[in-house]
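Trainee: Structural data only, the sequence is not supplied:
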């Protein structure tokens with residue numbers, strides 16, 4: 001068993017205090033958060049104290065770890081900053097890992113790799129492991145292993161009554177079900193234990209095409225056909241990224257609309273080569289990074305930006321991918337669109353469609369369309385809303401993890417039966433709506 005940790009002391013900060021602004025800073029820079037109190041916590045006891053103080057004062061509570069998401073309820077209330085709670089404990093024999101509330105996925109990958117194990121992490125190593133898992137967790141190996149939430153063994157959570165509880169499927173099946181899919185509404189999760197999978201290497205990377213030389217819609221049409229032929233051990237996505245013509249970018253990307261297909265396959269590399277061969281026939285490539293790689297390098301498949309910036313995003317879970325409708329979306333978000341807008345389409349299915357004892361919704365979906373604009377809420381929605389409206393006939397809901405900054409829009413996050421059950425459990429565990437409800 002190995003442990004990594006580093007926890008300096010807790011602070012309580014208010015507007016005007018030294019360090020207040022720095023504590024609020026996170027990956028998402030486009031939203032102003034002005035909580036009345038910030039608790040920079042270092043342990044579960046600190047979280048208990050913060051929740052009890054907020055409840056006594058009648059203040060709403062939000063939580064921020066890495067700042068990729070926007071914490072709800074924090075404006076004028078209490079923000080609990082968990083980034084100093086960063087212990088990672090791997091039990092290689094049990095194939096499990098315990099992560100505290102502020103841990104980033106990159107640290108978990110690094111801790112598990114020496115044992116030939118991997119977590120069900122997302123594409124970006126900077127994303128917080130706990131928040132990602134509470135929203136479901138659509139990861140690099142999702143079609144083979146399902147959602148990250150499907151593999152959680154236990155959760156330590158401070159509920160609205162100021163109690164620290166260890167929640168398992170056996171000890172409290174209702175709260176366990178609710179936390180894994182809608183954890184933000186039921187308390188502050190201070191740590192969780194989850195399974196690791198025996199993956200040390202994979203075949204993966206991306207094929208990138210120049211959108212001026214290869215028609216993005218033609219690539220998407222071929223990609224949709226290709227997804228019908230691949231095994232569940234292969235997880236993939238299609239993306240279109242318009243890069244500005246600025247000196248800070250590499251010349252190969254500057255001013256280009258890049259169309260790419262990203263792949264992660266846990267089978268033999270030779271079989272991976274055979275599976276992706278039809279994609280290589282789509283046209284000349286800007287870059288081809290497909291290769292066998294150690295799982296510790298899985299973050300290179302997507303190459304997500306690692307610097308804080310302004311963005312707002314939304315998504316649609318689809319029953320089918322109608323390429324003609326998606327072509328309209330690509331047109332609305334294409335070259336010259338302002339603000340700059342990124343489109344990503346993930347193939348779902350496989351293990352993601354399996355039922356599990358949690359509230360992760362929309363498992364019947366076949367594709368997830370994610371649209372992200374590098375702008376604030378109003379400018380972004382003026383671009384995103386009409387684009388996603390084109391997919392409405394096939395839309396069955398929205399994914400919690402990818403409503404980036406769109407937490408003000410709860411419609412479609414859960415199906416009716418799930419939403420009603422969550423609301424009933426929230427009224428029992430948090431009658432004063434300390435955490436904002438569902």
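Mentor: Structure received. Source: prediction; values computed, not measured.
Trainee: all helices for the stretch 51-200 of the chain, in order.
Mentor: Along the stretch 51-200 of the chain, the segments classed as helices by DSSP state H, counting those that start in this stretch run 105-112, 129-134, 142-145, 173-182.
Trainee: Can you tell me which of those is nearest to residue 344?
Mentor: Minimum separation from residue 344 across these (Cβ to Cβ) falls at helix 142-145, 13.4 Å. C-beta here means a position set from N, CA and C on the backbone, and glycine is covered the same way.
Trainee: Rebuild the helices of the stretch 51-200 of the chain as CSV, extending it with distance to residue 356.
Mentor: Output for these, formatted as CSV (distance: least, Cβ to Cβ, whole Å):
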stretch, distance to residue 356
helix 105-112, 20
helix 129-134, 13
helix 142-145, 11
helix 173-182, 8
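Trainee: pretty sure residue 398 is touching residue 414, no?
Mentor: No - with contact defined as Cβ atoms under 8 Å, residue 398 does not count as touching residue 414 (9.1 Å).
Trainee: and stretch 49-57, how far from the chain's centre?
Mentor: Centroid separation for stretch 49-57 versus its chain: 29 Å, with Cα atoms, centre = their mean, to the nearest Å.
Trainee: ditto for stretch 218-227
Mentor: On Cα atoms, centre = their mean, the centre of stretch 218-227 falls 24 Å from that of its chain.
Trainee: re the thing from before, so which of the helices of the stretch 51-200 of the chain is nearest residue 201?
Mentor: The nearest among the helices of the stretch 51-200 of the chain, by Cβ to Cβ, is helix 105-112 at 13.0 Å.
Trainee: From the contact counts, what lies against that closest one?
Mentor: Under the contact definition 3 or more Cβ pairs under 8 Å, 6 or more residues apart in numbering; DSSP states H and E, helix 105-112 sits against strand 2-4, strand 88-91, strand 96-100, helix 129-134.
Trainee: what's the most buried one of these?
Mentor: Comparing the helices and strands packed on helix 105-112 by mean neighbour count (mean count of other Cβ atoms under 10 Å), helix 129-134 ranks first with a mean of 28.
Trainee: which helices and strands sit right next to it?
Mentor: By 3+ Cβ pairs under 8 Å, 6+ apart, helix 129-134 packs against strand 96-100, helix 105-112, helix 173-182, strand 188-195.
Trainee: quick one on the thing from earlier: export the helices of the stretch 51-200 of the chain to a markdown table and tack on mean pLDDT?
Mentor: Output for the helices of the stretch 51-200 of the chain, formatted as a markdown table (pLDDT from 0 to 100):
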| stretch | mean pLDDT |
| --- | --- |
| helix 105-112 | 98 |
| helix 129-134 | 97 |
| helix 142-145 | 98 |
| helix 173-182 | 98 |
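Trainee: Buried deepest among the ones you listed, which one?
Mentor: Most buried among those, counting by mean count of other Cβ under 10 Å: helix 129-134, with a mean of 28.
Trainee: which residues are in contact with that helix?
Mentor: Helix 129-134 is contacted from outside by 63, 65-66, 68-69, 82, 99-105, 108, 119, 121-122, 148-149, 152, 179-184, 189, 191-192, 194, 401, using Cβ atoms under 8 Å, 6 or more residues apart in numbering.
Trainee: Perfect, I'm done here.
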